[in-house]
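**Q** Fold the following.
(one chain, ligands or ions: 2)
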Amino acid sequence: PQTIYLADYTPPAFLVEKVHLTFRLSPEKTRVLSKIEFRPNPASSSRTFFLHGENLRLIGAKIDGAAITPQVTAEGLTADVPDAPFTFEAEVEIDPAGNTALEGLYMSNGMYCTQCEAEGFRKITYYPDRPDVMSVFTVRIEGDMPVMLSNGNPVAEGDGWAEWHDPWPKPAYLFALVAGDLVNHADRFTTRSGRKVDLNIWVRPGDEGKCAFGMEALKKSMTWDEEVYGREYDLDLFNIVAVDDFNMGAMENKGLNIFNSSCVLASPETSTDANFERIEAIIAHEYFHNWTGNRITCRDWFQLCLKEGLTVYRDSEFTADMRSAPVKRIGDVIALRARQFREDNGPLAHPVRPESFVEINNFYTATVYEKGAELIGMLKRLVGDDAYGRALDLYFERHDGQACTIEDWLQVFEDATGRDLAQFKRWYTQAGTPRLRVSEDYEGGTYTLHFEQHTPPTPGQEVKDPRVIPIAVGLLGPNGDEIKETQLLEMTEARQSFTFDGLAAKPVPSILRDFSAPVILDRETSNEERAFLLAHDTDPFNKWEAGRALARNGLLAMIREGAAPDAAYLDAVHTMARDETLDPAFRALAHGLPSEDDLAQSLHDAGHTPDPQAIWEALETLRDARAVTMEATARALYDRHQVTAPYRPDPEQTGARALANAALAILTRRDGGAQAQAQYDAADNMTQQLAGLSCLLQAGKGAAAVQAFYEQWQHDRLVIDKWFSLQILQAAPQDTADTTARLTEHRDFTIRNPNRFRATLGALAMSPAGFHHASGKGYKTLADWLIALDPLNPQTTARMCSAFETWRRYDADRRALIAEQLDRILASPNLSRDTTEMVSRIRG
Ligand code: HT7
Ligand code: ZN
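**A** Ligands and ions are numbered 1, 2, ... in the order given. Coordinates of the predicted model:
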């Protein structure tokens, strides 16, 4: 397959003024008629006319009304065209019902729906399918569907047809069409300048009772973007549609967002607190794209982080404002380390702005999204809040309606602040997580922190230059008081020292507060100091981090040396649990232990070969020891934090339930599941019911509840996804692969629905001890199913191959078993470009 390089970018030869599309819908033979007004691009010297197009049956084409016979290949068409504005027309036939890849126009439960990002529009008709070609779309839909939607505003409708017009020029990846038997949950929003906007969430009949939360989230997002970024909505209508078969979470098509139903439908009985929070964040994310992505889009797909990093950053700010900022930050860092640090550390490492790709769908990664968002957070820290506001205003003013690059983005910051960002740009171009070694000395009242940065090699990038790293530091006195408030140190050299004068005693440093940069801090320190920071640090992130480090160190000693559970950790976590001045949500987070994958990476970093079974056993031993120490406290916490008010997915109730459920997990190790059964039986919401079921499975007492749960919820596909996942996640390591295989034979398992596939095979991949079981059956089960899925849905297959990305950490036997499966996948006939690229990169 062909590799595409950023360095090869050239502007489009032709621009599109207007496009008119007519869809004659039919499940297997939809006709798409296009009329496209082209003009030569003055910024291009090329006059080669090429339109992308894949899997299209060309019926006919015309230029300025005269029939032509273009040259057609598997990638698109070329034709001779005038060196002046002209109209191109084409009629093509496509097969939505046969489209299992869920890109382009496809069918989901009898409903037509599209997914065009990144390069799906070329599966609908011939078009310059690149984000720097922006045009005004008019769309006519003909069919016998009760509801037929497209972007923008409805202009006319009749019996069996509807016409839509979107006044905002957009790239083809933001095109959308939906047609089906849908019902809407409607509302209205008035923008601050007085525009009245109709809001709808369109769902399958029966789901209308699960839309209210999403609608509130949408209105909150619209208000927040006005208040915080001064951005108003720009159409009279905003539609959201829920779709069951969808490759990712949601899509920000102009005025017609399409959502995976799992990311919009919510009710207390069927959704957990975590689901509610995620739905709120995704609705916000897609809405915020209207400005950061749609009004200002990307010049090419290498610039994906321009819209995704910024929009993730904006949605995390939104959640921090709506809920608890520290809890959001800690959750984000847990996710960043679990997904992005893992990626940066392995064969799939790539810069936030990659320089080449084979299949762009493989670059919708944690690095582009989450590290991309961290870069925005660092920029804001470096320039300050006011300057950030000025830079964003300038960005919107200067680039509205344009397709931009990271250079444009950084230029705006340079112009708004006068700062030179040449060094900062390395964050976009260099892959890998910098490691920051810290040492200290104290003499005559002066305390010095010495830092040394180093970024290990990543594929294709052996040597890295030093980056600018914003390091937020505070100092605590020996009695625990804060003696120096947080200040931002700007590290620009490979090695750099910073001094603090006038100190009466050697302080305890709190370094990288609020996780001020996405780096790994290497600092030799004692458990006493970690316990001290856990007790006294005023920075919530570093307080949590201290507890996490204490737990990790104790676990590593258990795994490596067979040590007993660390008394300092048990004591500290117990004290913290009883501290009623602390937010319950924070305490629940502080009860979480490092993940199996996190421990495997720590062992690998320290030069040890991780044994997944030993890691799992150490965690179990520590949890058992904690249950002995904390039994009475867990009982008290459980009782004190029961929510008696009617269910609300707000931060207060969510925090209380999280802490009570953390206590329940502890209690279950002492009472054999009695309390969990009582909670399961009494639960009137999914958060409580699922926590009860999870504890029962953990205790080996889940059989009856698993059956009852299925019978209660078999009509609800999103709840049944949870049922599939939980049984796999809670299986003992030796049973994980067999449980997965058994569930793939269940009548409700289907390879065609990405949510169900991920709920099942994704759960296997997310259970390290089971997935890496020495027998190799975890690897084989996953590989079998990836091979089966690839011909149907390459995008989801390729994404799920990342389960194997850490394979070089493991022992020779496991490496051989994994290599065998990777080679087997690679040898599959007609393997997709997506999966070929991913597996080849992983295999190395
Ligand atoms: N911009 C979207 C990314 C996307 C996508 C979404 C759904 C299905 C396939 C997709 N390919 C790329 C989602 C977002 O970041 O908001
Ligand atoms: Zn996005």
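**Q** mind listing what residue 208 touches?
**A** By Cβ atoms under 8 Å, 6 or more residues apart in numbering, the residues touching residue 208 are 183, 184, 185. Just so you know, the C-beta spots here come from the backbone N, C-alpha and C atoms, and that holds for glycine as well.
**Q** try 10 Å this time
**A** By Cβ atoms under 10 Å, 6 or more residues apart in numbering, the contact set of residue 208 is 182, 183, 184, 185, 201, 202, 265.
**Q** In the beta-sheet assignment, what are the partners of the fifth one?
**A** Right, residue 201. Per DSSP bridges, the residues bridged to residue 201 are residue 185, residue 240.
**Q** Let me see the contact set for it.
**A** 182-187, 207-208, 210-215, 218, 238-242, 257, 259, 264-265, 283.
**Q** What of the third one?
**A** Residue 184 makes contact with 147, 149, 198-203, 208, 211, 239-241, according to Cβ under 10 Å, 6+ apart.
**Q** of these, buried ones?
**A** Buried by 16 or more other Cβ atoms under 10 Å: 147, 149, 199, 200, 201, 202, 203, 208, 211, 239, 240, 241, out of those.
**Q** now, which of the contacts of residue 208 lie close to ligand 1?
**A** Applying Cβ under 6 Å from any ligand atom, the subset of the contacts of residue 208 adjacent to ligand 1 is empty.
**Q** Make TSV out of these and add pLDDT.
**A** Output for these, formatted as TSV (pLDDT from 0 to 100):
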residue	pLDDT
182	98
183	98
184	98
185	98
201	99
202	99
265	99
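**Q** List just the nearest of these to residue 83.
**A** Using Cβ to Cβ, residue 202 comes nearest to residue 83 of the contacts of residue 208, at 44.8 Å.
**Q** Point me to the helix or strand that includes the one residue in the stretch 701-844 of the chain that gets nearest to ligand 2.
**A** Nearest residue of the stretch 701-844 of the chain to ligand 2: residue 799, at 15.3 Å (Cβ to the ion). Element membership for residue 799 (DSSP states H and E) is helix 794-800.
**Q** buried ones in that helix?
**A** Going by neighbour count (16+ other Cβ under 10 Å), the buried part of helix 794-800 is 794, 795, 796, 797, 798, 799, 800.
**Q** re earlier: show me the contacts for the residue of the stretch 701-844 of the chain closest to ligand 2.
**A** Per Cβ under 10 Å, 6+ apart, neighbours of residue 799: 247-248, 361-362, 364-365, 754, 758, 762, 793, 834-835, 838.
**Q** Ok, residue 824 next?
**A** Applying Cβ under 10 Å, 6+ apart, the residues near residue 824 are 779, 780, 783, 784, 786, 787, 839.
**Q** What's the mean pLDDT across the helix or strand where the fourth one lies?
**A** What it means is residue 784. Here residue 784, judged by DSSP H and E, is contained in helix 777-789. On average, the pLDDT along helix 777-789 is 99.
**Q** that older thread, buried ones from the contacts of residue 201, can you make that a ChimeraX selection?
**A** Filtering the contacts of residue 201 down to the buried ones (16+ other Cβ under 10 Å) takes a single ChimeraX command:
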select :182,183,184,185,187,207,208,210,211,213,214,215,218,238,239,240,241,242,257,259,264,265,283
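**Q** Residue 324: neighbour count?
**A** Counted with other Cβ atoms under 10 Å, residues neighbouring residue 324 total 20.
**Q** nope, residue 829 is what I was after
**A** Look at residue 829: counted by other Cβ under 10 Å, it has 6 neighbours.
**Q** Verify the contact between residue 88 and residue 20 for me.
**A** No. Counting by Cβ atoms under 10 Å, residue 88 sits too far from residue 20 to count as a contact (11.2 Å).
**Q** Compare those two (neighbour count), which wins?
**A** Ranked by neighbour count (other Cβ under 10 Å), residue 88 and residue 20 place residue 88 first, with 25 against 18.
**Q** Report the contact partners of that one.
**A** Counted by Cβ under 10 Å, 6+ apart, residue 88 has contacts 14, 16, 19, 34-38, 49, 51, 61-64, 68, 70, 77, 79, 81, 126-127.
**Q** likewise residue 634?
**A** Listed by Cβ under 10 Å, 6+ apart, the contact set of residue 634 reads 574, 577, 591, 626-627, 660, 662-671, 675.
**Q** circling back to that earlier point, could you single out the nearest of the contacts of residue 799 to ligand 1?
**A** Nearest to ligand 1, judged by Cβ to the nearest ligand atom, of those is residue 248 at 3.5 Å.
**Q** ok, which residues in the chain are in contact with ligand 1?
**A** Residues of the chain lying near ligand 1 (Cβ under 6 Å from any ligand atom): 115, 117-118, 246-248, 250-252, 285-286, 289, 308, 364.
**Q** List only buried entries from those.
**A** For those, buried by 16+ other Cβ under 10 Å: 115, 117-118, 246-248, 250-252, 285-286, 289, 308, 364.
**Q** among these, which are in helices?
**A** Cross-referencing those against helices under DSSP state H gives 285, 286, 308.
**Q** The first one and residue 309 touch, don't they?
**A** No. Contact between residue 285 and residue 309 fails when scored by Cβ under 10 Å: they sit 11.8 Å apart.
**Q** hey, what's in contact with both of those two?
**A** By Cβ under 10 Å, 6+ apart, residue 285 and residue 309 have these common neighbours: 292, 369.
**Q** What sits closest to residue 637 if chain neighbours are left out?
**A** Residue nearest to residue 637 in three dimensions, not counting chain neighbours: residue 663, with 4.1 Å by Cβ to Cβ, 6 or more residues apart in numbering.
**Q** returning to that earlier point: between residue 88 and residue 20, what contacts are shared?
**A** Contacts common to residue 88 and residue 20, judged by Cβ under 10 Å, 6+ apart, are 34, 35, 36, 37.
**Q** so the first one sits in a helix?
**A** No. When the secondary structure is assigned by DSSP: H, G, I helix; E, B strand; the rest coil, residue 34 falls in strand instead of a helix.
**Q** can you offset everything so residue one is 12?
**A** Got it, the first residue is 12 from now on, which makes the last one we talked about residue 45.
**Q** residues near it, how many?
**A** The tally of other residues near residue 45 (other Cβ under 10 Å) stands at 19.
**Q** Just to check, it is in contact with residue 146?
**A** No. Judged on Cβ under 10 Å, residue 45 makes no contact with residue 146 at a distance of 11.3 Å.
**Q** Common neighbours of the two, please.
**A** The contact sets of residue 45 and residue 146 overlap at 30, 138 (Cβ under 10 Å, 6+ apart).
**Q** now the helix or strand containing residue 558, how far from the centre of its chain.
**A** Taking DSSP H and E as the definition, residue 558 sits inside helix 551-572. Its chain's C-alpha centre and that of helix 551-572 lie 26 Å apart, by Cα atoms, centre = their mean, to the nearest Å.
**Q** quick one: the helices in the stretch 562-711 of the chain?
**A** Along the stretch 562-711 of the chain, the segments classed as helices by DSSP state H, counting those that start in this stretch run 578-589, 595-602, 607-616, 623-651, 662-682, 685-693, 697-709.
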